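Enquirer: sequence-free structure coming up:
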């Protein structure tokens with residue numbers, strides 16, 4: 001007789017990885033796909049900075065595979081100075097740089113994540129509200145893209161629609177919407193990545209971001225001193241505001257406004273890091289040179305909260321130290337900004353200048369807020385779609401459009417959520433904001449994260465007067481601080497809150513589906529122009545004309561006919577066959593145009609509005625014939641308005 005001791009199978013079985021391998025594969029595929037989309041949308045072919053940013057992103061991807069913690073640190077140091085790197089590469093619009101750099105980090109990190117089963121999740125109370133908000137952003141993007149391209153045109157493979165009364169093409173609108181989604185989703189993805197990476201990695205990432213922001217501010221100091229490249233973009237050059245290493249002056253100001261409370265909290269700790277005070281010194285100067293009033297408000301609110309919540313014995317010492325730093329900064333800043341019309345002191349003075357109108361004193365915010373409310377009134381349930389406000393602004397502003405220097409966001413993140421995603425969207429946004437605000441307020445006295453908590457609270461307040469998280473580097477810094485202050489555990493009624501958020505997401509999905517389906521009406525496609533598939537007007541030796549795409553269409557009213565001349569000037573010397581249909585009917589007209597031949601048509605609607613759709617047998621791309629033009633071209637068209 002014998003006995004054998006057997007181990008219980010449940011105790012020896014390895015724990016299933018979380019998330020499962022298929023989910024990890026999906027995350028890797030999404031990182032690659034998102035990076036490819038940002039590269040295609042944010043860096044058109046032929047852009048001088050396309051290759052440099054791609055190489056840096058690839059380097060971050062390889063770094064993340066081998067040394068994930070170091071790669072996160074390197075990215076956090078790089079994103080505050082992405083604008084400076086873009087300028088060195090010859091970029092004219094650096095807004096997509098930080099997003100693509102994160103795409104490289106995410107691709108490498110998720111590839112390593114496929115076989116890295118040692119890391120464990122570090123859930124927080126912010127996870128569920130943020131997931132709901134990301135889902136909302138994706139659905140709102142579908143609404144915006146549908147409003148820009150329309151289902152009617154997509155089904156018929158027509159492109160080149162006009163999306164506002166100023167003739168903005170759909171490609172520009174889709175680009176703005178896709179970049180807005182990419183910025184917000186990348187920031188949220190960075191939050192979840194940091195929560196998985198561990199507390200020590202988050203601390204290193206925060207230090208790298210602070211040092212990168214200090215370097216970005218120092219670049220602005222050099223610009224003010226006349227050292228290095230000056231601000232090249234006409235609008236910012238006109239205003240006298242400096243970007244430093246950021247993508248624009250507003251982003252620099254908000255970065256400094258976020259970093260100053262964190263550095264102040266570090267500088268007053270008993271175990272103060274040696275780099276905290278040197279990192280703090282250039283930040284107020286960079287903030288002043290950026291001219292950002294929102295950044296100034298954040299710095300004041302955040303630093304004030306840090307001092308007020310500091311231990312009683314250190315408050316006086318802290319206030320004295322801050323006064324000394326402020327005096328030094330004022331002296332240096334005055335010397336650098338005495339010839340600048342765009343520094344924060346001058347812009348704060350504008351608020352109290354009675355000779356200026358309210359709109360000029362408030363950077364056109366009353367106009368923008370009224371426009372946002374008009375967009376909400378148009379579609380209170382689904383909104384206009386993520387990022388749509390900027391390209392709808394010329395029509396929403398009405399008679400005030402002439403007072404706007406450029407297309408802009410609504411000047412309030414909360415109003416933007418209301419206008420672009422309706423009632424459900426603003427409720428989900430507020431749910432995340434309140435959850436984050438509770439977390440930050442609960443940890444405001446924690447000496448380790450008090451600065452980050454104060455900065456987050458100040459940022460949530462300042463979102464009332466600015467859509468600041470649509471600046472890419474600001475989004476990354478904000479979500480980094482949010483990951484830093486987030487805590488785990490469960491609260492009472494958390495399950496009920498989760499169910500409410502799920503219900504709001506489902507409800508918005510239903511509203512979004514109805515909004516998308518409404519663009520199946522041809523009237524939505526031709527809302528701003530009676531044509532689609534035409535390029536902008538050009539002038540040649542024979543007069544004005546337009547190139548068409550391979551498929552194009554004209555909407556003709558019930559009374560007046562539409563005349564059009566079509567000519568085949570393809571450089572390859574081949575004939576082109578033209579098919580013409582009215583609405584969804586059969587081919588009404590078919591003609592083959594020989595090289596150099598033309599035909600003139602008069603289109604009659606016959607008592608009701610009709611859409612006449614043209615389809616060509618072939619098209620050509622000049623770039624493939626050694627020219628610089630990358631468009632797909634069909635035939636030359638001359639409309640009556642081109643002959644005037």
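Expert: Alright, I've got the coordinates. Since the structure is predicted, the reported quantities are computational estimates derived from the model, not experimental observations. Numbering: from 1, shown residues only.

Enquirer: Please, where are all the helices along the stretch 151-300 of the chain?
Expert: Assigned by DSSP state H, counting those that start in this stretch, the helices in the stretch 151-300 of the chain fall at 151-155, 170-197, 199-224, 234-239, 249-267, 276-280, 282-290, 293-309.

Enquirer: Adding mean pLDDT, distance to residue 549 and mean neighbour count, write the ones you listed out as TSV.
Expert: For every residue, glycine as well, the C-beta is placed using N, CA and C. Converted to TSV, those look like this (pLDDT from 0 to 100; distance: least, C-beta to C-beta, whole Å; neighbours: other C-beta atoms under 10 Å):
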stretch	mean pLDDT	distance to residue 549	mean neighbour count
helix 151-155	95	11	17
helix 170-197	94	12	22
helix 199-224	93	42	22
helix 234-239	72	31	13
helix 249-267	91	36	30
helix 276-280	85	53	19
helix 282-290	90	42	29
helix 293-309	86	42	22
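
Enquirer: Turn the ones you listed into a markdown table, columns for distance to residue 441.
Expert: What follows is those, written out as a markdown table (distance: least, C-beta to C-beta, whole Å):
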| stretch | distance to residue 441 |
| --- | --- |
| helix 151-155 | 45 |
| helix 170-197 | 19 |
| helix 199-224 | 19 |
| helix 234-239 | 36 |
| helix 249-267 | 14 |
| helix 276-280 | 24 |
| helix 282-290 | 24 |
| helix 293-309 | 10 |
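
Enquirer: Minimum distance to residue 119: which of those helices has it?
Expert: For those, the distance to residue 119 is smallest for helix 170-197, at 5.9 Å, taking C-beta to C-beta.

Enquirer: Confirm that residue 392 sits in a strand.
Expert: No: per DSSP: H, G, I helix; E, B strand; the rest coil, residue 392 lies outside any strand segment and is helix.

Enquirer: Any figure for the gap between it and residue 236?
Expert: Distance, residue 392 to residue 236, using C-beta to C-beta, to the nearest Å: 24 Å.

Enquirer: Residue 412 contacts residue 372, correct?
Expert: Yes: with contact defined as C-beta atoms under 8 Å, residue 412 reaches residue 372; the gap is 7.3 Å.

Enquirer: OK, contacts around residue 554?
Expert: 530, 531, 562, 564, 603, 611, 612, 614 (C-beta atoms under 8 Å, 6 or more residues apart in numbering).

Enquirer: one more time with 6 Å
Expert: Applying C-beta atoms under 6 Å, 6 or more residues apart in numbering to residue 554 gives the contacts 531, 562, 612.

Enquirer: So for the host helix or strand of it, what gets flagged as buried?
Expert: Using DSSP states H and E, residue 554 falls within strand 543-556. For strand 543-556, the neighbour count (16 or more other C-beta atoms under 10 Å) marks 545, 546, 547, 548, 549, 550, 551, 552, 553, 554, 555, 556 as buried.

Enquirer: Report pLDDT for the residue nearest to residue 589 when sequence neighbours are not counted.
Expert: Nearest residue to residue 589, sequence neighbours excluded (C-beta to C-beta, 6 or more residues apart in numbering): residue 580, at 4.0 Å. In this model, residue 580 is scored at 93, pLDDT.

Enquirer: Quick check: bridge partners of residue 580?
Expert: Applying DSSP bridges to residue 580 gives these bridge partners: residue 589, residue 614.

Enquirer: Count residues in the vicinity of it, would you?
Expert: When neighbours are defined as other C-beta atoms under 10 Å, residue 580 has 18 of them.

Enquirer: That one contacts residue 591, correct?
Expert: No: here residue 580 lies out of contact with residue 591, judged by C-beta atoms under 6 Å, at a distance of 8.4 Å.

Enquirer: Tell me the buried residues in stretch 627-644?
Expert: Going by neighbour count (16+ other C-beta under 10 Å), the buried part of stretch 627-644 is 632, 633, 634, 635, 636, 637, 638, 639, 642.

Enquirer: Now do the spatially closest residue to residue 623 that is not a sequence neighbour against residue 622, distance only.
Expert: Using C-beta to C-beta, 6+ apart and skipping residues adjacent in sequence, the residue nearest residue 623 is residue 630, 4.6 Å away. As judged by C-beta to C-beta, residue 630 and residue 622 stand 8 Å apart.

Enquirer: Kindly report the same for residue 616.
Expert: 16 Å.

Enquirer: Export the buried residues of strand 543-556 as TSV, with columns for pLDDT and distance to residue 495.
Expert: Below are the buried residues of strand 543-556 laid out as TSV (pLDDT from 0 to 100; distance: C-beta to C-beta, whole Å):
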residue	pLDDT	distance to residue 495
545	92	64
546	93	59
547	94	59
548	94	57
549	95	53
550	94	54
551	94	52
552	95	54
553	94	52
554	94	56
555	93	52
556	92	58
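
Enquirer: and these as CSV, adding distance to residue 526?
Expert: Putting the buried residues of strand 543-556 into CSV (distance: C-beta to C-beta, whole Å) gives the following:
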residue, distance to residue 526
545, 21
546, 16
547, 20
548, 16
549, 16
550, 19
551, 15
552, 12
553, 8
554, 9
555, 4
556, 10
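
Enquirer: ok so, going back, by pLDDT, give me the weakest of the buried residues of stretch 627-644.
Expert: Among the buried residues of stretch 627-644, residue 642 has the weakest pLDDT, 79.

Enquirer: Surely it is within a helix?
Expert: Yes: assigned with three-state DSSP, residue 642 falls within a helix.

Enquirer: Please list all residues in contact with the spatially most central residue of the chain.
Expert: In the chain, the C-alpha nearest the mean C-alpha coordinate belongs to residue 180, at 2.7 Å (C-alpha atoms, centre = their mean). By C-beta under 6 Å, 6+ apart, residue 180 lies in contact with 386, 387, 470.

Enquirer: now, which of those sits nearest residue 268?
Expert: Ranked by distance to residue 268 (C-beta to C-beta), the contacts of residue 180 are led by residue 470 at 32.4 Å.

Enquirer: Now the phi/psi pair for the closest one, please.
Expert: In terms of degrees, to the nearest 10, the main-chain angles of residue 470 are phi -90, psi 0.

Enquirer: How many residues are close by it?
Expert: For residue 470, the neighbour count with other C-beta under 10 Å is 21.

Enquirer: For residue 434, see how far away it is.
Expert: The spacing between residue 470 and residue 434, counted by C-beta to C-beta, is 21 Å.

Enquirer: With residue 91 instead?
Expert: Distance from residue 91 to residue 434, by C-beta to C-beta: 38 Å.

Enquirer: same check, this time on residue 608
Expert: Look at residue 608 and residue 434: by C-beta to C-beta, they are 52 Å apart.

Enquirer: And for residue 616?
Expert: Applying C-beta to C-beta, the value for residue 616 to residue 434 is 55 Å.

Enquirer: Can you tell me how far residue 263 is from residue 283?
Expert: From residue 263 to residue 283 the distance is 7 Å (C-beta to C-beta).

Enquirer: oh, I was asking about residue 74
Expert: Separation of residue 74 from residue 283 (C-beta to C-beta): 21 Å.

Enquirer: would you list every one of the helices in the stretch 1-150 of the chain?
Expert: All helices of the stretch 1-150 of the chain, identified by DSSP H, counting those that start in this stretch, fall at 9-12, 21-42, 50-66, 68-78, 82-88, 97-113, 127-149.

Enquirer: Kind regards, and thank you for your time.
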